[in-house]
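Participant: Output the structure for:
(one chain, ligands or ions: 2)
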Amino acid sequence: MARRTEHQGTPQRDAARHHGGPARPGGPEPLTDRFGRIHTDLRVSLTDRCNLRCTYCMPAEGLDWLPRAEVLTDEELVRLVRIAVHRLGIRTVRLTGGEPLLRRGLPGLTAALAAAGPELSLTTNGIGLARTAADLKAAGLHRVNVSLDTLRADRYAALTRRDRLADVLDGLATARAAGLTPVKVNAVPVRGVNDDELCDLVAFAAEHGYRMRFIESMPLDAQGAWERDRMITAAEILDTLGRRWDLVPAGREGNAPAEDWRIAGTDTVVGVIASVTRPFCGGCDRVRLTADGQLRTCLFATEESDLRALLRSGADDDRIEAAWRTALAGKGPGHAIGSADFVRPDRPMSAIGG
Ligand code: SAM
Ligand code: SF4
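Facilitator: Ligands and ions are numbered 1, 2, ... in the order given. Sure thing, here's the model as predicted:
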């Protein structure tokens, strides 16, 4: 097992300056890579399944979902998260997918994960949030990010291939009322699809007390149809917003991928995640676990480490911790989307956990 991650990229010589902060005194030895980056954030995919079919993510017919037996059980997941928090210094855990709200018994799993001690957040398409937000908050979830690319019902139906905009809007309001705050709204602008709605989305978020973030589209769709020319770059996003408002740079929240901008004279903050045009690999503090128990050191990694096999072979916590550290030691400096030798990972975003 423990296949190494060796993806291409520009060496980030200043990585150590941006690492995830000093280890807690008396806490576990930090999860460090050879560039000095300390990893304190874990993304956990709870399922690869989804109830939407966003065109920039997966084909209309969906994908060959993982067989249930291959997906980590609640007990396996909780054990890995406990190891991550208690032995590896992970502090924040984000639940994602696929659509994480499709995971059966999510409130119970959330409570068990929260008991391991990390700050817990969730990324969701928002369908089902109206039904679950209060239970998830009571179970120990701190915050949600909700994906919403358009405010127009017909466009939403075309983009996600499901007519569910009203459910998402309900979900957002319920999440805010339940205290899953700050509620962040994530949109992926695509040329000719929703790029005329950037200002509307910001105004909508400001009006409802959500925080808007735009994400550059990445070549991680299952169908391999991503085209650079259809990506709306961070520079274009800022240019569009800047024509309507004065934007003041507001830095980053810790090692967050979003660069924040405040609309002058207001407390409205907009985040822009420039994964493609301005990669933030030098400050990366993230590690990922797929729903079938594969550890990935990067969204764009082409190799994985099989923690599920270890778990199911009866390995003790020491061995699992060691495998985790070995995988991190092999983490590459960064991805190379911009270069000719970029290799797409085998799995799409929805199967890795976005
Ligand atoms: N289903 C949940 C959702 O949509 O929020 C969680 C998983 S989804 C893969 C996580 C995030 O990835 C969403 O904000 C989605 O918009 C984003 N995403 C999906 N495909 C993408 C792509 N090709 N490029 C950039 N972001 C993408
Ligand atoms: Fe599902 Fe999220 Fe992919 Fe849309 S972006 S198809 S909601 S996993």
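Participant: How about the residues of the chain by ligand 1?
Facilitator: In this structure, the chain approaches ligand 1 at residues 50, 56-57, 96-97, 99, 123-125, 147, 186, 188, 215, 217-218, 220-221, 349-350, 354, judged by C-beta under 6 Å from any ligand atom. (Each C-beta comes from the backbone N, C-alpha and C, glycine too.)
Participant: And for the residue of the stretch 251-354 of the chain found nearest ligand 2, the neighbour number?
Facilitator: For the stretch 251-354 of the chain, the residue positioned closest to ligand 2 under C-beta to the nearest ligand atom is Ser350, at a distance of 4.0 Å. Using other C-beta atoms under 10 Å as the criterion, Ser350 is surrounded by 27 other residues.
Participant: List the residues that contact Val190.
Facilitator: Contact criterion C-beta atoms under 8 Å, 6 or more residues apart in numbering gives 55-56, 149, 217, 230-232 as the residues in contact with Val190.
Participant: so Ala301, which of the three states?
Facilitator: Applying DSSP: H, G, I helix; E, B strand; the rest coil to Ala301 yields a three-state assignment of coil.
Participant: Torsion angles phi and psi at it?
Facilitator: phi -60, psi 150 (degrees, to the nearest 10).
Participant: Please apply the same query to the one 4 residues further on.
Facilitator: For Ser305, the backbone dihedrals are phi -110, psi 130 (criterion: degrees, to the nearest 10).
Participant: hang on, it packs against Gln294?
Facilitator: Yes - the pair formed by Ser305 and Gln294 meets the contact definition of C-beta atoms under 8 Å, at 6.8 Å.
Participant: Taking the contacts of Val190, tell me the two that lie furthest apart.
Facilitator: Of all pairs drawn from the contacts of Val190, the one with the largest separation by C-beta to C-beta is Thr55 and Ile232; the distance is 14.7 Å.
Participant: returning to that earlier point: I'd like to know which of the residues of the chain next to ligand 1 are part of strands.
Facilitator: Cross-referencing the residues of the chain next to ligand 1 with the strands (criterion: DSSP state E) gives 96, 123-124, 147, 186, 215 as the overlap.
Participant: quick revisit: between Thr55 and Ile232, which has more neighbouring residues?
Facilitator: With neighbours defined as other C-beta under 10 Å, Thr55 and Ile232 compare such that Ile232 has more, 23 against 18.
Participant: hmm, who's touching whichever strand or helix holds Leu42?
Facilitator: Taking DSSP states H and E as the definition, one finds Leu42 inside strand 41-45. Contacts of strand 41-45 with the rest of the structure, by C-beta under 8 Å, 6+ apart, involve 20, 77, 81, 84, 90-98, 100, 113, 118, 255, 285-291, 351-353.
Participant: can you check stretch 336-354 too?
Facilitator: For stretch 336-354, contacts defined as C-beta under 8 Å, 6+ apart pick out 7-10, 43-45, 48, 50, 57-58, 63, 66, 96-98, 123, 218-222, 224, 275-277, 279, 288-291, 296, 299-302, 335.
Participant: same check, this time on stretch 229-243
Facilitator: Judged by C-beta under 8 Å, 6+ apart, the contacts made with stretch 229-243 from elsewhere in the structure are 189-193, 195, 198-199, 202, 214, 216-217, 247, 259, 261, 270, 272-274, 276-278.
Participant: Hmm, Ala60 and Gln223 touching each other?
Facilitator: No - under the criterion of C-beta under 8 Å, Gln223 is not in contact with Ala60, lying 9.4 Å apart.
Participant: Comparing these two, which shows the higher neighbour count?
Facilitator: Counting neighbours by other C-beta under 10 Å for Gln223 and for Ala60 shows that Gln223 has the greater number, 13 against 8.
Participant: The more buried one and Asp33: what is the separation?
Facilitator: As defined by C-beta to C-beta, to the nearest Å, Gln223 lies at a distance of 32 Å from Asp33.
Participant: Same check on Arg43?
Facilitator: Using C-beta to C-beta, Arg43 is found at 16 Å from Asp33.
Participant: go on, Asp246?
Facilitator: Computed with C-beta to C-beta, the distance linking Asp246 and Asp33 is 39 Å.
Participant: Please identify the residues of this protein in proximity to ligand 2?
Facilitator: 50, 52-54, 57-58, 97-99, 125, 147, 350.
Participant: ok, now which ones touch the nearest residue to Leu129 once chain neighbours are set aside?
Facilitator: Spatially, and ignoring its direct neighbours in sequence, Leu129 is nearest to Gly171 (3.0 Å; C-beta to C-beta, 6 or more residues apart in numbering). Under the criterion of C-beta under 8 Å, 6+ apart, the neighbours of Gly171 are 124, 126-130, 133, 146.
Participant: how about Gly171, secondary structure?
Facilitator: Applying three-state DSSP to Gly171 yields a three-state assignment of helix.
Participant: And for Thr132?
Facilitator: helix.
Participant: Which residue, other than its chain neighbours, is closest to it?
Facilitator: Nearest residue to Thr132 in three dimensions, chain neighbours excluded: Leu101, at 5.9 Å (C-beta to C-beta, 6+ apart).
Participant: what does Gly62 give?
Facilitator: Beyond its immediate neighbours in the sequence, the residue positioned closest to Gly62 (C-beta to C-beta, 6+ apart) is Arg53, lying 6.5 Å away.
Participant: Distance-wise, check the one you found relative to Val146.
Facilitator: Distance, Arg53 to Val146, by C-beta to C-beta: 17 Å.
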